[in-house]
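A.B. asks: fold the stuff below for me.
(chains A and B)
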Amino acid sequence: MTPVTYLRADSSAAAIALGAADGHRLLGGGTNLIDLMRKGVEQPAVLVDVSGLAAPITEAADGSLVIGAAARNSDVAAHPLVRARYPMLARAILAGASAQIRNMATVGGNLMQRTRCVYFADAAGSRCNKRVPGSGCDALGGFTRYHAILGASPACIATHPSDMAVALVALDARLHLAGADGVRSVALANFHQLPGDSPEVETMLAPGEMILAVELPPVQPMRSTYRKVRDRASYAFALVSVAAGIVVEDGRIADVRIAVGGVAAKPWRAARAEASLRDGPASVEAFVQAAQAELAQADPLPGNAFKVQLAERTLVAVLTDLAGGDA
Amino acid sequence: MTRSLTMDRPDDRNRLDAMAQGVIGQPLDRPDGPAKVTGTAPYAAEYPVDGMAEGVLVTATISKGEVTAIDEQSVLSMPGVLAVISDQRMTARAAQGGAGEAPVQQVRQVQYYGQPIAVVLAETFEQARDAAKHLKVTYREDDDAVTDPHDPAAPTETYDEPIDQGNLAQAMAQAAYAVDVTYTTEGHNSAPMEPHASIAEWDGQTLTLHSSLQMLAYNQKELADSLDLAPEQVRLISPYVGGGFGSKLGISPEGVAASVAAMQLNRPVRVVMLRQQVFQCVMRRSETTQRLRLAADANGRLTGFGHEARVSNLPEEEFAEPVTQASEFLYPGEHRRLAIELARVNLMTAGSVRAPGEAVGMQVLESAMDELANAIGMDPVELRLRNIPDQHPSEGIPYSSRKLVECLKAGAERFGWDGSDRTPGQRREGEWWIGTGMANACRVHNINEAQARVTLSPDGTAIVASDMTDIGTGTYAILGQIAGEMLGLDPADVLVQLGDTTLPPGSGSGGSWGAASTGSAVFEACEAIREHLAEQLGTTEEELTLKDGFAIAGNRRVALPDLLAGAEVERTGHFKPGEITEAFAAAMYGAFFAEVAVNAYTGETRVRRFAGAFSMGRVLNEKTATSQCMGGMVWGIGSALTEELTFDARDGHLVNPDLAEYHIPVNLDVPHLDVVLVDERDPAGSPLQAKGVGELGICGAAGAINNAIYHACGVRVRSFPMTPDKLLAELPDP
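C.D. replies: Have a look, this model is predicted:
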């Protein structure tokens, strides 16, 4: 047996000190890490439990909302300021997993969760470049229904499974990262990495660094939502999801923000669609054009080609719904 | 004393309706409910046993070939590890339902990815699991494995004798309306909540196994045969079973492995399947390809009927998903062809999963019938009403009680069915197309040999005992109600003991036969007790009234303890199927009505309303019968929309072997389910006038949903499950 040492950090400084060593992993709600340990995918020698760290949700002087990394997903979704100002975030969180899992899972852990690629999870029988760099990818040519259509590489076609992160990316969230060298702030949109030749590198987190908090900048009031398309009504990962918000003034789109989930190794900010829409008319034709502009760069596999059309149609559905009578 | 009945002819006496207690059919709570919901009912793995070793199965990571070496030394030095066993008595597969003999053993001959090949024993579960992960196994791989279930090149054989009558091709050519369509369904897993689990204890003479099993009298023989023991040397204990759905009909690999290990180590051994193993090494429902040919005259009356299917299984397995089972008698058509081709593949064992045959056969047949109704331009309910044969279309025998018309009418009324305009795409609510659909339900009635012992104690309470199982269906409740009704007792005064092979052999739970079979054994025993009491009272059994603990005849009313005068009365009922099974086409019937919403953009389908009217002979307990129907309908939603075993076609390994990735319906997928139980007595069904209910609610349910999807948006999906991608390509512009 691989013995695991369990430590509990009573401060983020302690967590950074304890978590920096080789083979040490930070433990949030454990809803993904513990599963992967049982499957033999993750084999940390030491778990540093950070789920007990203080996780306040506070409003900064500039109106930003700062959410401690150890905040439970369900607490974030239920927070009055989140519901009032960032409803798409509340919806995205509630679209994820099950109530029981959301009660355990932390915000930091949600961002750090691993792909649900079945070949990644099958340590005994499948090759995976994420698990064992350079060993090959058995997902290619296999079951690819939940795999990437954007930003994949021959080394890896996995998707990032988070719903919450899709809304956070659409909301221009920033992460406060802390390490031995101090604290830095990065855009969440840049945090997760596309696979390229090194799919084992999933985030820009440096060794020994941890996520301290998520910062949501103030946003102007907008119509927004999170829409998740999946194979059953609840407790399933997204085939495709869309986080979107728009501001329509006099029939023109004054502001728009869109991110797509279930399609790439990171929450996919739909920059091309946004550019196509900005300052243009809020019309169904414009929405179709924008969706096609974004998905033109898709490179699907035989098992997931439908996701291109599904993503386009979901984008159109969401934007049409948000535009309401203005479309 | 044993009283036997071989059922050769209908029992028209309708004795239960002549009884006075008034508890039969009542929606009583199940007596085992409180223990189950408070967690005090022990399931197989939960018995505290001192000195128990823990075992974890090791499964093959090749599709076909041979285990050439198992390097025990690679794990024996790990902490707590006791042994690695890969014994010739261990079983590579679970036994098929009712086998009564060992399943395929030869664990070192690999026939499918995920096949058990060894068991690792350790002091703790965690140690055993870790060692199982690290065990070094060497294989010789064959290159002729068939690992894609739909591989057209798979070796195929004709299963059973096809039914060929008249000239179907000609009937199709000459028909006023004809439908010739091919559908596919994917594999299903039973996915019981309680995994397959066993604790084995060996005392040098007797092997005692706490296990999660459905048919103990058969499982006892299967385990004994596997271990080269006499059946008397094997005792099985299985009072509570956390769901079976067919996957626990036969002894399964973990039970045999635990037994072999207990005998080798001389200490108790527990083996619990990991959830992934429940998916990979027990039983799957075969995927199917089904061609339906329906020929109808100008009035919509079927003249030709063809149902041909291809299913699959491992080499050496005799089971072939009997998808044409209800097609043999549900509809007319003098020109007929029914046939099943069995493809041999190297994928986990195919076997009985809830309602083998009709579950996927009826959903396809009923979808094709809807296509026919649309071709004719007829209300699909009317089409069903016009196609009810007078006698079995191939065998010429009569039907036993058949309430299909009543079900169609009751279901249509409850649902508010309007079949006058079946043009698709007529109703839209926001992003959603709304449509309705219906289907017939049909499932053959089975009965099985069963014994039960009833003891009337001197204090006027009773004990019912059988090795029958309650797999969550309500067996404890209904057997108590049958005895209570017959003996004039409050069911609270009847103790029902089940799930132990030291008790008389019951029918086991499977094929919806448990209630009618073991229930009839209880009924027989009670009739014998009634005869004894009548004699004591100086009257005849027919004149005897038993109610509220009193024996009543004419103006005499005697409390049972006074009548018994300190002596207990014990009788065993022995029920056997006889000529009745050949004399009638006996089945349960029903009708489903569904309303769905299909998202015009994404192709997601949500079932909004779902009603079913069902007839199953006498209802023994309205609450448990209703629950069985609801459970079946939930399965129908899964079969229609979400459930699918996905194999990697390159090596046949299951890529969704857990409850996160194998999508059974969750609460949000299931709307309010409206169940109507249609009153019926079937004298040919059993002496109780009851038939079976455990599987009826799934048989055709997914067809109603398919038909509703078509009515909503005009897309006919001929591939189950109907996931969004299958609708997407054909959806009209939103």
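A.B. asks: assign the closest residue to chain B within the stretch 101-250 of chain A to helix, strand or coil.
C.D. replies: Using C-beta to the nearest C-beta, residue A:233 is the residue of the stretch 101-250 of chain A that sits closest to chain B, at 3.7 Å. Where you see a C-beta, it was placed from the backbone N, CA and C, and this is true even at glycine. Of the three states, residue A:233 takes coil according to DSSP: H, G, I helix; E, B strand; the rest coil.
A.B. asks: how many residues are close by it?
C.D. replies: Taking other C-beta atoms under 10 Å in any protein chain shown as the neighbour definition, residue A:233 ends up with a count of 19.
A.B. asks: kindly report the same for residue B:164.
C.D. replies: Here the neighbour count serves as a burial measure; for residue B:164 (other C-beta under 10 Å) it reads 14.
A.B. asks: OK, contacts around residue 50?
C.D. replies: Let's take chain A. For residue A:50, the contacting residues are A:9, A:12, A:15, A:19, A:26-28, A:69-70, A:106, A:108, A:210, taking C-beta atoms under 8 Å, 6 or more residues apart in numbering or on different chains as the criterion.
A.B. asks: right idea, wrong chain: chain B
C.D. replies: With C-beta under 8 Å, 6+ apart, residue B:50 has these contacts: residue B:268.
A.B. asks: next: residue B:440.
C.D. replies: Shown in contact with residue B:440 (C-beta under 8 Å, 6+ apart): B:330, B:362, B:366, B:369, B:384, B:404, B:408, B:589-592, B:700.
A.B. asks: that one looks like it's in a strand, true?
C.D. replies: Yes - if the criterion is three-state DSSP, then residue B:440 is within a strand.
A.B. asks: center of the chain - which residue?
C.D. replies: Assuming you mean chain A. Here the mean C-alpha position of chain A is nearest to the C-alpha of residue A:165 (C-alpha atoms, centre = their mean), at a distance of 3.0 Å.
A.B. asks: looking at chain B here, not the other one
C.D. replies: For chain B, the residue sitting closest to the mean C-alpha position, by C-alpha atoms, centre = their mean, is residue B:354 at 3.1 Å.
A.B. asks: mind checking how far it is from chain A?
C.D. replies: Between residue B:354 and chain A the distance, using C-beta to the nearest C-beta, to the nearest Å, works out to 19 Å.
A.B. asks: I'd assumed residue B:190 was in contact with that residue.
C.D. replies: Yes - here residue B:354 lies in contact with residue B:190, judged by C-beta atoms under 8 Å, at a distance of 6.8 Å.
A.B. asks: what residues do those two have in common as contacts?
C.D. replies: Between them, residue B:354 and residue B:190 have B:245-246 as joint contacts when contacts are counted by C-beta under 8 Å, 6+ apart.
A.B. asks: isn't residue A:72 right up against residue A:29?
C.D. replies: Yes - counting by C-beta under 8 Å, residue A:72 touches residue A:29, with 7.2 Å between them.
A.B. asks: please name the nearest non-neighbouring residue to the residue of the stretch 101-250 of chain A closest to chain B.
C.D. replies: Of all residues not flanking residue A:233 in the chain, residue B:668 sits nearest, at 3.7 Å (C-beta to C-beta, 6 or more residues apart in numbering or on different chains).
A.B. asks: and the one you found, what does it touch?
C.D. replies: Residues in contact with residue B:668, defined by C-beta under 8 Å, 6+ apart, are A:232-234.
A.B. asks: can you lay out the residues you listed as CSV showing pLDDT?
C.D. replies: Listed next are the contacts of residue B:668 as CSV, based on pLDDT from 0 to 100:
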residue, pLDDT
A:232, 96
A:233, 96
A:234, 96
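A.B. asks: between those residues, which sits nearest residue A:250?
C.D. replies: Proximity of the contacts of residue B:668 to residue A:250 (C-beta to C-beta) peaks at residue A:233, which lies at 37.8 Å.
A.B. asks: separation between the residue of chain B most remote from its centre and residue B:537?
C.D. replies: Residue farthest from the centre of chain B, counting by C-alpha atoms, centre = their mean, is residue B:555 at 48.1 Å. With distances defined as C-beta to C-beta, to the nearest Å, the gap from residue B:555 to residue B:537 amounts to 12 Å.
A.B. asks: filter the contacts of residue A:50 down to the ones in strands?
C.D. replies: Assignment to strands by DSSP state E places the following of these there: A:26-27, A:210.
A.B. asks: flag every residue of the stretch 201-327 of chain A that's near chain B.
C.D. replies: A:229-236, A:239, A:306, A:309-310, A:313-314, A:316-317, A:321 (C-beta under 8 Å from any C-beta of the partner chain).
A.B. asks: quick one: residues contacting residue 166.
C.D. replies: Just so you know, I chose chain A. Applying C-beta under 8 Å, 6+ apart to residue A:166 gives the contacts A:92, A:226, A:241-243, A:259-261, A:267-268.
A.B. asks: let me rephrase: I mean chain B.
C.D. replies: Residue B:166 sits next to B:304, B:334-336 when contact means C-beta under 8 Å, 6+ apart.
A.B. asks: so which of those residues comes closest to residue A:131?
C.D. replies: Within the contacts of residue B:166, the smallest distance to residue A:131 is 54.8 Å, found for residue B:336 (C-beta to C-beta).
A.B. asks: surely that closest one is in a helix?
C.D. replies: No - the secondary structure assignment for residue B:336 gives strand rather than a helix, going by three-state DSSP.
A.B. asks: state the mean pLDDT of the longest helix along chain A.
C.D. replies: When every helix of chain A is counted residue by residue (DSSP state H), the longest turns out to be helix A:306-323. For helix A:306-323, mean pLDDT is 98.
A.B. asks: show me what that helix is packed up against.
C.D. replies: Helix A:306-323 sits against strand A:223-229, strand A:240-249, strand A:252-261, helix A:284-295, helix B:724-728, with contacts defined as 3 or more C-beta pairs under 8 Å, 6 or more residues apart in numbering or on different chains; DSSP states H and E.
A.B. asks: please save the CA atoms from the fourth one in PDB.
C.D. replies: This file holds the C-alpha atoms of helix A:284-295, laid out as PDB (Å, rounded to 0.1, in the frame of the first residue of the first chain):
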ATOM      1  CA  VAL A 284     -30.500  36.100 -34.900                       C
ATOM      2  CA  GLU A 285     -28.500  36.400 -38.100                       C
ATOM      3  CA  ALA A 286     -25.700  38.100 -36.100                       C
ATOM      4  CA  PHE A 287     -25.800  35.400 -33.500                       C
ATOM      5  CA  VAL A 288     -25.500  32.700 -36.100                       C
ATOM      6  CA  GLN A 289     -22.700  34.500 -37.800                       C
ATOM      7  CA  ALA A 290     -20.900  35.000 -34.400                       C
ATOM      8  CA  ALA A 291     -21.300  31.300 -33.500                       C
ATOM      9  CA  GLN A 292     -20.000  30.200 -36.800                       C
ATOM     10  CA  ALA A 293     -17.000  32.600 -36.500                       C
ATOM     11  CA  GLU A 294     -16.100  31.000 -33.200                       C
ATOM     12  CA  LEU A 295     -16.500  27.400 -34.300                       C
END
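A.B. asks: and the contacts of it?
C.D. replies: Applying C-beta under 8 Å, 6+ apart, the set of residues contacting helix A:284-295 from outside is A:149, A:253, A:258, A:260, A:270, A:272-277, A:280, A:308, A:311-313, A:315-316, A:319-320, A:323, A:327.
A.B. asks: can you say which of these are buried?
C.D. replies: In terms of neighbour count (16 or more other C-beta atoms under 10 Å in any protein chain shown), the buried residues within the contacts of helix A:284-295 are A:149, A:253, A:258, A:260, A:270, A:272-274, A:276-277, A:280, A:308, A:311-313, A:315-316, A:319-320, A:323, A:327.
A.B. asks: anything in contact with each of residue A:72 and residue A:29?
C.D. replies: The contact sets of residue A:72 and residue A:29 overlap at A:104-106 (C-beta under 8 Å, 6+ apart).
A.B. asks: and of the residues you listed, the nearest to residue B:124?
C.D. replies: Looking at the shared contacts of residue A:72 and residue A:29 and their distance to residue B:124, the nearest is residue A:104, at 24.9 Å (C-beta to C-beta).
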